[in-house]
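Trainee: Here is the input, now give the coordinates:
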Amino acid sequence: MKINKNQAKNIFLAVVGVCIILYFVYQIIQMNSNPYKTELALERDIKNTVSTKAFVVRDEEYLTTDNTSGTVVSIAEDGKRVARGDSVAVVFQNTDSAAAYVRINELTKEIEYYNQLKNRVGIGTNTPSSYNSLINNACINFISASRGEIDSNYHNALNDFRDAITTRQLAVGKELSVDAKLAELEAELVSLQSKATGYTTVASPNPGYYIGSVDGFENAISYDKVTSVNCATINSLFNSQKQNVSGNIMGKLVDEFDWYLLCTVPYNESGDIEVNKTVSVNVPNTAVGVIKCTVVYKGDKEDNSVAVVLKCNIMNRDVANLRMENIEIITDEYTGIRINNKAIREVDGEKGVYVQRGNIISFKKINILHSTEDYSIIEKVDDSSYVRQYDTIITEGVDLYDGKVVS
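Mentor: Numbering: from 1, shown residues only. You can find the predicted model right below:
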């Protein structure tokens, strides 16, 4: 087939056009490509944790009362230190009187709250949106607390939620009349005062920490034997049945300051757990949060596990009723800059990484605090010759050297 001049010219121009397009595409790819793989250096908090289950042991002694048919109401807070002779509970002859007594205490607190509210001034310096944020957070906390089983958390969250709403109303100048509410509460208080009668007071026979409930595991293991246990003993505690508690027992006293958490730990995770070491212990399913403990005992290897005993001397309402709990033992905590181990090199006996800034590559030193198989946590150093947060770290690349210009 013959091609005339016009066809040949069009074909030539098309080929030239395609070549020009391909050239520009190649240049764009080159301009946006980097011969090195990089990562951003960012600060991280790293924790070494061991998850297990703990059995709590205290030096507990039952409190008894002669009134075995009454209704007991605690008047001392769980975990509170009491002296000998201090009143810790009252025993009512019937449940109606006990309910009236509890309600009177609630009304007294309500009346005190509304009296304080009358004296507050409706002036605020925050914006309405910031008050809305406070209300939203308080609402979320209240919903979370309402799903739990700790009454103190629920009542505290409810009070915080109510206070957040009231604070916003006062801050925007809203006038709140509490006289009617106060009159209603005071009338109810008067009507109940004659009903909360017929009770006896229970005094503490000894000094100690008061706990108003019992669970039947108080005598599961002797307090004096906690530092001579093995894995089998600890596992048997979790499988033990609680003892029946007689009707005249209305609480307990904890004598010693120290209490213990008994647990078993996988042998291959126990390397960082050492006797006399202070560790943080998280109790995630409770209001306790994180507490400081001391490792007082670590047993020998038994079927790939070791027995571990932790000591704590913190006592309050939240820890007072712990018994069988899921815990996380935090053996070490590191705060530093996370670096991929692929990036770490040694130059002239100095460990460091190559950093790219613009088209310049430089070598920066590092001090390693903690390493895993994949990454290291390095110390934050206020020196330009060391890696800093947000540096662009080269994790993969060849022919790297300090001062290299990337074309």
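
Trainee: what's the neighbour count on I234?
Mentor: 23 (other C-beta atoms under 10 Å). Yep, even glycine has a C-beta here, placed from its N, CA and C like the rest.

Trainee: same deal with N244?
Mentor: 7.

Trainee: packing partners for the strand or helix carrying I377?
Mentor: Here I377, judged by DSSP states H and E, is contained in strand 375-378. With contacts taken as 3 or more C-beta pairs under 8 Å, 6 or more residues apart in numbering; DSSP states H and E, strand 375-378 sits against strand 324-340, strand 368-371.

Trainee: How about T201: what's its closest non-neighbour residue?
Mentor: S87 (5.0 Å; C-beta to C-beta, 6 or more residues apart in numbering).

Trainee: same check, this time on E333
Mentor: K47 (5.1 Å).

Trainee: and the helices and strands packed on strand 375-378, which is most packed in?
Mentor: strand 324-340 (a mean of 18; mean count of other C-beta atoms under 10 Å).

Trainee: just how off-centre is the helix or strand just after it within its chain?
Mentor: Going down the chain from strand 324-340, the next helix or strand is strand 345-347, by DSSP H and E. Relative to its chain's centre, strand 345-347 lies at 39 Å (C-alpha atoms, centre = their mean, to the nearest Å).

Trainee: Rounded mean pLDDT for stretch 277-295, please.
Mentor: Stretch 277-295 shows a mean pLDDT of 91 in the predicted model.

Trainee: How about residues contacting that stretch?
Mentor: 49, 54, 148, 150, 152-153, 261, 273-276, 308-312, 314, 318-319, 322, 325-331, 333 (C-beta atoms under 8 Å, 6 or more residues apart in numbering).

Trainee: And the pLDDT for P128?
Mentor: pLDDT, P128: 57.

Trainee: cool, and C263?
Mentor: Value for C263, per-residue pLDDT: 96.

Trainee: And for N230?
Mentor: pLDDT, N230: 93.

Trainee: Would you quantify the distance from it to T38?
Mentor: Between N230 and T38 the distance is 52 Å, computed by C-beta to C-beta, to the nearest Å.

Trainee: go on, K109?
Mentor: In terms of C-beta to C-beta, K109 sits 60 Å off from T38.

Trainee: and what of R388?
Mentor: For R388, the distance to T38 - C-beta to C-beta - is 15 Å.

Trainee: Present the helices and strands packed on strand 375-378 as TSV; the columns should include distance to D382.
Mentor: Converted to TSV, the helices and strands packed on strand 375-378 look like this (distance: least, C-beta to C-beta, whole Å):
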stretch	distance to D382
strand 324-340	13
strand 368-371	16
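
Trainee: Specify the stretch among those that is closest to R357.
Mentor: strand 324-340 (16.0 Å; C-beta to C-beta).

Trainee: and that closest one, which strands flank it?
Mentor: Next to strand 324-340 in the sheet, as set by DSSP bridges, lie strand 42-57 (antiparallel), strand 278-283 (antiparallel), strand 375-378 (antiparallel).

Trainee: coming back round to it: how many residues are close by the residue nearest to E333?
Mentor: 12.

Trainee: residues in contact with it?
Mentor: Contacts of K47 (C-beta under 8 Å, 6+ apart): I330, D332, E333, Y334.

Trainee: Export those as TSV, with columns for pLDDT and distance to N244.
Mentor: Output for those, formatted as TSV (pLDDT from 0 to 100; distance: C-beta to C-beta, whole Å):
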residue	pLDDT	distance to N244
I330	93	38
D332	86	44
E333	86	44
Y334	85	49
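
Trainee: R388 and T38: who's more crowded?
Mentor: T38 (18 against 15).

Trainee: Direction included, what does the host helix or strand of the more buried one pair up with?
Mentor: Assessed by DSSP H and E, T38 sits inside strand 37-40. Paired with strand 37-40 in the same sheet, following DSSP bridges, are strand 392-396 (antiparallel).

Trainee: I'm done for today, thanks for sticking with me.
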